[in-house]
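One predicted model, sequence on top.
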Amino acid sequence: MIIKTKYLGATTYKGARISVNVDGVTKIYPYQYKYNCDENHFNAGYKALADLGKGNNRQYYLNKAFKNGDYKSTKTGYIYNI
């Protein structure tokens, strides 16, 4: 399973957000300034798995990939292969 995250900058009407694509389904979450960039993308991916009912098993592997640095950075986000 591939999880892609992307930073969406603030607009006149909306604050900064993180877009998460899981198996072709996109979810959008607000950017939380209390976390750094890496943590924001991880947290959004983790929430997307929960919201889409993908189960704790995949959340475990996402957490493991994040802790081990097993993900790729792009210009606007991250790609997690779990």
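Done, it's in. Residues are numbered from 1 along each chain as shown.

Quick one, grab the pLDDT at T76.
For T76, the model assigns a pLDDT of 93.

quick one: what helix or strand has the residue located most distally from the centre of the chain in it?
Computed with CA atoms, centre = their mean, the residue of the chain farthest from its C-alpha average is T12, at 23.3 Å. According to DSSP states H and E, T12 maps onto no helix or strand at all.

ok, now G45?
Assigned by DSSP H and E, G45 falls in helix 37-51.

Which strands or helices does that helix pack on?
For helix 37-51, the contact count by 3 or more CB pairs under 8 Å, 6 or more residues apart in numbering; DSSP states H and E identifies strand 2-8, strand 17-22, strand 25-30, helix 56-68, strand 77-81 as packing neighbours. C-beta: built from backbone N, CA, C; applies to glycine.

Would you mind getting the angle between the third one and helix 37-51?
The reference is to strand 25-30. 130 degrees (axes from the mean of the first three to the mean of the last three CA atoms, to 10 degrees).

In strand 25-30, which residues are buried?
Neighbour counts using 16 or more other CB atoms under 10 Å place K27, Y29 of strand 25-30 among the buried residues.

and the angle from the helix holding G45 to strand 77-81?
Using the same axes, to 10 degrees: helix 37-51 against strand 77-81 is 50 degrees.

angle of helix 37-51 against strand 17-22?
Interaxial angle, helix 37-51 versus strand 17-22 (the same axes, to 10 degrees): 50 degrees.

Numbering from 819 from now on, please.
Noted, 819 is the first residue going forward, which turns the last one into helix 855-869.

Fine by me, we can end here.
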